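>>> here is a sequence together with a model predicted from it:
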Amino acid sequence: MSEKKTPQLDELEKGQWPSFVTEIRKAAAKNPAAEDLLGLLERSYEEKKGHWKHGGIVGVKGYGGGVIGRYTDLPEEYPNLAEFHTIRLNQPSGWFYTTKSLRTICDIWEKYGSGLTNLHGSTGDIILLGTTTENIQPAFDEFSDAGFDLGGSGSDLRTPSCCVGPARCEHACYDTLDACHNITNEFQDELHRPMWPYKFKIKFSGCANDCTASIARSDCSIIGTWRDTLRIDQDAVKAYVQEGLDIQGAVCDKCPTRALKFDYKKNELNVIAEECTRCMHCINVMPKAIRPGQEKGATILLGGKSTIVQSAFMAWVIVPFMKMEDDYEELKDLLRRIWEWWDENGKTRERIGETIYRLGMGKFLREVGLPPVPQMVFRPRANPYVFWQQDEINK
Amino acid sequence: MSEKKTPQLDELEKGQWPSFVTEIRKAAAKNPAAEDLLGLLERSYEEKKGHWKHGGIVGVKGYGGGVIGRYTDLPEEYPNLAEFHTIRLNQPSGWFYTTKSLRTICDIWEKYGSGLTNLHGSTGDIILLGTTTENIQPAFDEFSDAGFDLGGSGSDLRTPSCCVGPARCEHACYDTLDACHNITNEFQDELHRPMWPYKFKIKFSGCANDCTASIARSDCSIIGTWRDTLRIDQDAVKAYVQEGLDIQGAVCDKCPTRALKFDYKKNELNVIAEECTRCMHCINVMPKAIRPGQEKGATILLGGKSTIVQSAFMAWVIVPFMKMEDDYEELKDLLRRIWEWWDENGKTRERIGETIYRLGMGKFLREVGLPPVPQMVFRPRANPYVFWQQDEINK
Amino acid sequence: MPRIDAGPPHYKEMLPPIILENYGKWRYHVIPRPGVLKHVAENGAELYSVRAGSPRLVSIDFIRDMCALADEYCDGFLRFTSRNNIEFLVSDAGKVEPLISALEAKGIPVGGTGNSLSNIVHTQGWVHCHTPATDASGIVKAVMDDLHEYFTDMKLPAKLKVAMACCLNMCGAAHCSDIAMVGVHRTPPRVNDEKVQKGTEIPSLVASCPTGAIRPNPKTKSVVVNEEKCMYCGNCYTMSPGMEIADPKNDGVAILIGGKTSNARTAPSFSRMVIPFLPNNPPRWPEVTEAVRHIVEVYASNARQGERLGEWVERIGWEKFFILTGIEFTDKHIDDYIFSRETFRTSAAFKF
Amino acid sequence: MPRIDAGPPHYKEMLPPIILENYGKWRYHVIPRPGVLKHVAENGAELYSVRAGSPRLVSIDFIRDMCALADEYCDGFLRFTSRNNIEFLVSDAGKVEPLISALEAKGIPVGGTGNSLSNIVHTQGWVHCHTPATDASGIVKAVMDDLHEYFTDMKLPAKLKVAMACCLNMCGAAHCSDIAMVGVHRTPPRVNDEKVQKGTEIPSLVASCPTGAIRPNPKTKSVVVNEEKCMYCGNCYTMSPGMEIADPKNDGVAILIGGKTSNARTAPSFSRMVIPFLPNNPPRWPEVTEAVRHIVEVYASNARQGERLGEWVERIGWEKFFILTGIEFTDKHIDDYIFSRETFRTSAAFKF
Ligand code: SRM
Ligand code: SRM
Ligand code: SRM
Ligand code: SRM
Ligand code: SF4
Ligand code: SF4
Ligand code: SF4
Ligand code: SF4
Ligand code: SF4
Ligand code: SF4
Ligand code: SF4
Ligand code: SF4
């Protein structure tokens, strides 16, 4: 294949942004599958059509997921892509690495794979793109020895991920890295052996800025918050005034609940605690002067997913406030109850949000044992189509 | 029956608000059916249960609607309610009456009915409550001679109604009374001979205050508006300032698009024409100083209805601006096209809004021949589930 | 000779001279006192409309009484409003106060203008309809007695539009009212096979159920109801007398709030359920009147001037509304029908 | 010996000393220049994160190169962001500029912080997935080349989060991004009966169609598609290789805008369709890059400081957005799926 020209892809080596084509080319220099990939991709560019197909399930002993089988539909022409599977490795919390650990991955992948990766996949895994059926197990064995494990795929728990949180962010309301690590380890069975109606994703964000986009991208979104009052340092407020920040315009007027009052005369900023919805805006603009309260924890939201089938859903509040402590027992217990309910009620390929949408929050809350609270809704129902339970009516 | 006690209803003759029980009692003094009604109602109050049932269809020669058949399920006990039908008379535009015309109605109804009425029914008709099958035709004949005609019922056009409009309101952007009268007369056949999948209501409001609640209560809601700029009389603005009106707070800050700028120094109020959405708020607060523009017409909205089956729908924009002139030919033509489409596509007991919801605005607009415009939506679709037409794709 | 399709009387025949002269030429209005609108025309002409409350369900005697007043004070011209109030069209300013006195002497309240509670748009109930879950006129009377002061005064933050519908057909704008009282059932229909067999079109009956709870039963030539799926809307009963839905032990009233239809400031909005059920306690429905008064009072004392009920709640947040009113929030408040998704709080920002 | 279910490496092993010491004790941050975050701890310790763009699809050579830089400038510690940028964790202020120079020398852009365009979250496309309607990496490269200045500068009104998904599965947060490019099909699947017969569970296949367009065909033991009902989502193809959906002549890219996921100021929101279709024109998709640039430019020159793209559009109104951008509004923009009702303008207030 190496002689083949790739005029279209060549165009994508121009320009200022680093080029994935250059990357494939680098891998192609050492690896025949990567070389075939250049050719196949050029062909796709010509034909405006992908050349990958469904195929047999592949995997690692003891695991039900973590590897995505992939086969080209042109195996005669691109024999090195006849099998070109993906291995998903579970990333460390917060995507932190030592160069040593990254190099280990590279070395193993050089041996068993195409040398191409995604850092990272959209769910958060280390994506190792392109290996053969045969190489999967030995590759896994070495990754495992090096301290890595597979991520999720199929109808299971998917690899949880988290924002940088307390490792480098002053806003973090709970330890996202620890929570992510802890939950990932607690639910290894759920992560590695598909058993549910469909996939289930968990993402951890330390505050309402939601730097993992968890509300849109995970079935269970865990967003840090606080229950008391945000803290304001009046000296720092004065310093911002001196720097020329328009506190009224850029902060107070944009507070969604108008909870902030700026006193021009005293250069003092005050918050009406019960009005604040902890949206993070003021803290974002004035991180030196304002920070979260002290009674910290997280809001648990459920149901996020993308478009297929019933439309995209954003996750919604099911627990307004949960302390993130005691080894996350409360969260774990809740997740187990949710999964049990979903397992019993969900249809095949129905995400938890769709199951609840179909059957109703009322049934879900009653059966999972969560108390209904107004925080779960933007507003109550507009229709009067209420279901009554047997014990609520007069016989 | 006259000896029967009505202890429960008696309670409803107490209190400061005029009592419907007193009204029934007045009618009962002259009419045995009204007298039975007191007894039947008292019984409903005891049993917490209605005593009316479905029954045979009744009507007037040449008409398919306008009369609602009603029968008690206790005819033995309340023989005068064995038949107790409603006649719906089409009210004059704007519910204006001379005392002469009202007295005529009373006289005829005294002769043929219970003497009880609703002024008016929720759709707008003069509701004559309670007559026998036998009396319907002679009652109609006399009403007809007196210049009245039946309203709608069943799967037909329902009696249109309109706000007081130019008769007494400075805000009216078109002649609601004339439009209502004209359209009602144009579509007498549609009003009187049920022919559609379900009912169809039209209401006319002269401006966005929507004093007939048309957006919620009618399939087709016709709301007055203007296309140029609202007019501000600066002298009157100054007068309001002098009266102590907080123009910034009560007017500018509440303008939904912040289109109004108040100049404190000059006591001048100005509008950014293209920002104004003609919501009426500023005009409502300062009717002496602000009024609609001069290029007046109406916005046409479609699809309003109450809860059953698919949820309540509010009507939505299908024509942002239509001149209300030339004998309303444009509107009539549009209505005809809408009805034709609905007739072809609607299921039994499916309101037009539900038909469009089921089949999509795209299909509706294409087939009815209306150009899609952004004014039809608050925001575009969030899903990418677009239908393409045969002539739009490459073969 | 009766004519067919003659249409309604022409409205122009019904208009007083002052209106005919100033038709489309009104310049502005003021509200000199509760219940009175003063409209001033471009040429300076002044029309006083005196708005009077009506029970809507009225006898011909009542109408004749009102006609007598109209003859005396306004040359025989009057109208009704879209909320069933009566408006006396007075062109002689001097007759306004005498008319008001005459009305009050008859026990007819004057009010309903400006920032007041207007008349309650309502329906038939036990008086004349066959599908009600409660009465309409009775509740309306009880509530209007209780809230009378808000009709005759203009002491609310904004207009307050209350509606009453006796079943989920909601004949009126209950679904978009500041406060709506709606008759609701709470148990599935009991199928009377005999009645269903007689003249009910089974496929239409099956199709009428919003939740698909009705299945045909070929054996009985009738239908069966999946009670788990039924939410008691009563639509099947509208389709067939055999679907007996009325249940005196369990029928009652739900309260929804926060709707509006005007476009002023904010878009028209649906009313939202705040009390899923209150019992039918005729003749005066104390639980209902109390609940409505309570909501009105909390609104009146918390909202800003000019804020409609729903605008106020949306500003402070529904979670705050439940705290301020002390109304219990339950699973019944959470939507589980077609458009439920839009009501879920897909945001981490809320008040505790 | 490989272990099963050992889980990922512990993150603490991956953290530089300055983070271990100040874990959970950061006090505030500033952005001294585009691409550099300076976090200050309670004890005054300072950590500089240098953010560098990555094509995400990278070779091990690239990773080793980055490791070499990390070794040289930050003691061997680095991380990746949730948008696939690389962050070098520099504890020595003096090494920041040299690191940046070294990166730039390698053609690696530094930026993506504050009010800038960050990296484009994207997917596999023709490189590795079997359901794509377009490529992902190619479009991303073309767009990032074109908008490079917005990555390296912070001259936008607010953060700009762009996503690219190559099919409607939308592997990423395309559905809630400021700008989303989504690969779309436009013709119904061509049923390959043979492939369907082989191992496809027909009931699951039928159930997979959101619009109910697929019916089983007992004769062929396959299925038929009601082409009128199909909106080309491709979900059936995910279920069965026999539902051939790719159509080079008609596949392309749709643009959606205005979504966000942060709760700051306004609730998270979905992206909304503004351009239903642009053709697949590899290798550089000029129609797509132009459309995106145009939207970014109109946004940048019209929005207020601090306003996310969707916040800006919601403030001015979508009708105004279409005027300002000159993008044509068509029937395709109007929702016709489950939650369409909520998007209809049920209000008479709008801009012309
Ligand atoms: C690799 C990855 C895209 C990427 O380039 O990063 C990916 C790739 C695929 N996704 Fe995904 N999804 C990936 C993250 C996502 C995300 C984003 C996220 O997790 O934050 C989403 C949207 C969020 C969500 O879950 O809804 C996502 C929504 C889907 C869906 C639609 C699910 C739905 O309910 O709407 C499918 C369809 C399916 O499951 O059959 C899907 C299916 C697929 C499949 C398995 C389709 C297939 O069978 O070929 C793709 C395999 C491609 C391949 O070549 O290996 N992928 N997928 C991401 C996983 C990497 C990782 O593990 O880190
Ligand atoms: C009389 C009236 C209530 C009133 O007390 O004022 C009324 C009474 C009935 N309505 Fe209504 N509707 C009346 C206005 C309304 C309105 C309000 C409006 O028109 O502005 C609505 C809500 C708006 C709408 O159309 O959606 C309304 C929504 C319904 C519905 C539900 C329709 C839906 O699509 O959701 C039904 C059910 C049906 O049609 O089978 C219904 C059915 C009925 C029936 C015919 C039910 C029945 O078969 O018994 C009621 C006859 C009662 C009787 O005793 O005569 N009525 N109905 C109103 C008509 C008077 C008039 O002509 O002026
Ligand atoms: C007489 C009537 C029209 C008719 O043809 O019958 C009418 C007449 C006027 N309306 Fe209305 N409205 C009338 C029903 C309505 C309705 C419909 C309804 O109540 O079901 C609405 C929409 C209700 C809603 O939004 O839920 C309505 C929303 C308004 C508004 C907008 C209020 C707001 O801020 O939301 C105004 C403006 C204002 O009052 O500032 C208004 C203003 C007016 C003005 C001031 C117009 C004018 O300049 O003459 C009239 C006197 C209002 C007053 O009472 O203070 N009118 N008005 C109706 C009287 C009903 C009644 O007896 O109480
Ligand atoms: C590094 C990263 C977290 C991680 O674990 O990887 C991160 C880090 C920070 N985010 Fe973020 N955010 C990161 C992804 C996100 C995401 C998710 C995404 O992009 O997919 C979001 C939600 C996106 C959305 O709303 O659509 C996000 C929404 C924010 C916001 C809210 C912005 C807004 O006003 O809507 C802030 C606050 C701010 O910047 O004022 C914020 C603030 C911050 C701060 C300032 C937090 C801090 O004090 O350290 C960090 C530097 C921001 C900067 O770049 O200017 N971060 N941030 C992510 C960097 C991605 C990248 O490479 O560009
Ligand atoms: S989500 Fe909050 S805590 Fe986490 S990185 Fe973003 S701003 Fe920091
Ligand atoms: S966090 Fe948000 S809601 Fe709370 S005071 Fe700050 S800006 Fe307002
Ligand atoms: S809708 Fe407008 S024009 Fe009609 S009465 Fe109300 S305020 Fe006047
Ligand atoms: S009519 Fe409404 S939108 Fe227009 S300027 Fe007045 S308040 Fe603003
Ligand atoms: S609301 Fe229901 S019960 Fe009341 S009048 Fe209308 S249809 Fe009859
Ligand atoms: S009451 Fe409503 S939900 Fe119940 S069976 Fe009848 S139609 Fe269906
Ligand atoms: S968006 Fe679609 S085509 Fe792209 S990687 Fe995900 S599943 Fe594959
Ligand atoms: S592409 Fe989507 S809509 Fe079309 S048949 Fe397949 S699943 Fe159904």
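Looks like it came in fine. Residues are numbered from 1 along each chain as shown, chains lettered A, B, ... in the order given. Ligands and ions are numbered 1, 2, ... in the order given.
>>> just name the shakiest helix or strand of chain A by mean pLDDT.
strand A:52-53 (a mean of 93; mean pLDDT, DSSP states H and E).
>>> which strands or helices does the next helix or strand after it pack on?
Tracing the chain past strand A:52-53, the next element assigned as helix or strand by DSSP states H and E is strand A:67-68. In this structure, strand A:67-68 makes packing contacts with strand A:86-89, judged by 3 or more CB pairs under 8 Å, 6 or more residues apart in numbering or on different chains; DSSP states H and E. The way it works is simple: take the backbone N, C-alpha and C, and place the C-beta from them, glycine included.
>>> list the helices and strands the strand it packs on packs on?
Strand A:86-89 sits against strand A:67-68, strand A:126-131, helix A:133-145, with contacts defined as 3+ CB pairs under 8 Å, 6+ apart.
>>> need the winner for burial among these.
Across those, averaging neighbours per residue (mean count of other CB atoms under 10 Å in any protein chain shown) puts strand A:126-131 on top, at a mean of 26.
>>> report the inter-axis angle for it versus helix A:133-145.
Computed by axes from the mean of the first three to the mean of the last three CA atoms, to 10 degrees, the angle separating strand A:126-131 from helix A:133-145 equals 150 degrees.
>>> now strand A:126-131, how far from the centre of its chain.
Average the C-alpha atoms of strand A:126-131, do the same for its chain, and the two points are 19 Å apart (CA atoms, centre = their mean, to the nearest Å).
>>> average pLDDT across it?
Per-residue confidence for strand A:126-131 averages out to 98 on the pLDDT scale.
>>> ditto for stretch A:275-284
Averaging pLDDT along stretch A:275-284 yields 98.
>>> near ligand 5 at all, that stretch?
No. Counting by CB under 6 Å from any ligand atom, no contacts exist between stretch A:275-284 and ligand 5, the nearest distance being 7.2 Å.
>>> what helix or strand does the residue in the stretch 1-150 of chain A positioned nearest to ligand 7 sit in?
The nearest approach of the stretch 1-150 of chain A to ligand 7 comes at residue A:122, 51.6 Å away (CB to the nearest ligand atom). With secondary structure defined by DSSP H and E, residue A:122 is part of neither a helix nor a strand.
>>> any idea how far it is from residue A:158?
As defined by CB to CB, to the nearest Å, residue A:122 lies at a distance of 10 Å from residue A:158.
>>> show me how far stretch A:172-191 is from its chain's centre.
Worked out by CA atoms, centre = their mean, stretch A:172-191 lies 12 Å from the chain centre.
>>> say whether ligand 4 is contacted by it.
No. Counting by CB under 6 Å from any ligand atom, no contacts exist between stretch A:172-191 and ligand 4, the nearest distance being 8.3 Å.
>>> quick one: neighbours of residue A:253, just the number.
Using other CB atoms under 10 Å in any protein chain shown, residue A:253 has 12 other residues around it.
>>> that one belongs to a helix?
Yes. When classified by DSSP: H, G, I helix; E, B strand; the rest coil, residue A:253 is found to be part of a helix.
>>> in the chain, which spans are helices?
The chain I'm using is chain A. Under the criterion DSSP state H, helices of chain A are mapped to A:7-11, A:20-28, A:32-47, A:99-112, A:133-145, A:176-186, A:188-192, A:214-217, A:234-243, A:281-285, A:329-345, A:352-359, A:361-368.
>>> let's do chain C instead
Under the criterion DSSP H, chain C carries helices at the ranges C:17-22, C:60-74, C:96-105, C:137-146, C:148-152, C:193-197, C:202-208, C:235-239, C:286-302, C:309-316, C:318-325.
>>> for ligand 12, find the nearest of these.
Of all those, it is helix C:202-208 that lies closest to ligand 12, at 24.1 Å by CB to the nearest ligand atom.
>>> the closest one packs against which elements?
Partner elements for helix C:202-208 (3+ CB pairs under 8 Å, 6+ apart): strand C:214-217, strand C:222-225, helix C:235-239.
>>> what's across from residue C:181 in the sheet?
For residue C:181, the beta-bridge partners are residue C:164, residue C:255 (DSSP bridges).
>>> and it, what does it touch?
Neighbour list for residue C:181: C:139, C:143, C:162-165, C:174, C:253-255, C:288, C:292 [criterion: CB atoms under 8 Å, 6 or more residues apart in numbering or on different chains].
>>> any idea how far it is from residue B:304?
21 Å.
>>> what does residue C:21 give?
When distances are taken as CB to CB, residue C:21 and residue B:304 turn out to be 35 Å apart.
>>> and those two? Which one has more around it.
Applying other CB under 10 Å to residue C:21 and residue B:304 shows that residue B:304 carries more neighbours, namely 30 against 13.
>>> chain neighbours aside, what residue packs nearest to whichever residue of the stretch 1-150 of chain C sits closest to ligand 1?
Taking CB to the nearest ligand atom as the measure, the stretch 1-150 of chain C has residue C:133 as its residue closest to ligand 1, at 40.3 Å. Nearest non-adjacent residue to residue C:133, counting by CB to CB, 6 or more residues apart in numbering or on different chains: residue C:183, 3.4 Å away.
>>> now residue A:138
residue A:112 (6.1 Å).
>>> for that neighbour, the count of nearby residues, please.
Taking other CB under 10 Å as the criterion, the count of residues near residue A:112 is 22.
>>> what number of residues lie near the residue of the stretch 251-352 of chain C found nearest chain A?
Closest approach of the stretch 251-352 of chain C to chain A (CB to the nearest CB) occurs at residue C:336, with a separation of 3.0 Å. Using other CB under 10 Å, residue C:336 has 24 other residues around it.
>>> find the nearest non-adjacent residue to it, please.
Residue C:336's closest residue in space is residue A:360 (CB to CB, 6+ apart), at 3.0 Å.
>>> show me what contacts residue 252?
No chain specified, so I'll use chain A. Going by CB under 8 Å, 6+ apart, the list of residues near residue A:252 reads A:258, A:260-262, A:269.
>>> my bad, the chain I had in mind was chain C
Contact analysis of residue C:252 by CB under 8 Å, 6+ apart lists C:133-134, C:183-184, C:186, C:277-280.
>>> closest one to residue B:341 out of the contacts of residue A:252, please.
Taking CB to CB as the measure, residue B:341 sits nearest to residue A:258 out of the contacts of residue A:252, at 46.8 Å.
>>> so which of the helices of chain C gets nearest ligand 5?
For these, proximity to ligand 5 was assessed by CB to the nearest ligand atom; helix C:318-325 is nearest, at 22.7 Å.
>>> now the closest one: mean pLDDT?
On average, helix C:318-325 scores 98.
>>> close to chain A, is that helix?
Yes. Helix C:318-325 comes into contact with chain A (CB under 8 Å from any CB of the partner chain), by way of C:318-322.
>>> next one: stretch C:279-289
No. Judged by CB under 8 Å from any CB, stretch C:279-289 and chain A are separated, with a smallest distance of 9.1 Å.
>>> that stretch and ligand 9, are they touching?
No. No part of stretch C:279-289 sits near ligand 9 under the criterion CB under 6 Å from any ligand atom; the closest distance found is 13.3 Å.
>>> just how off-centre is that stretch within its chain?
Offset of stretch C:279-289 from its chain centre (CA atoms, centre = their mean): 17 Å.
>>> pretty sure residue A:147 contacts residue D:7?
No. Proximity of residue A:147 to residue D:7 does not meet the contact threshold set by CB atoms under 8 Å, at 9.4 Å.
>>> just give the nearest non-adjacent residue to residue 46, would you?
Since you didn't name a chain, this refers to chain A. Residue A:46's closest residue in space is residue A:8 (CB to CB, 6+ apart), at 6.6 Å.
>>> switch to chain C, that's the one I care about
Counting by CB to CB, 6+ apart, residue C:40 is the residue found nearest to residue C:46 once chain neighbours are left out, at 5.5 Å.
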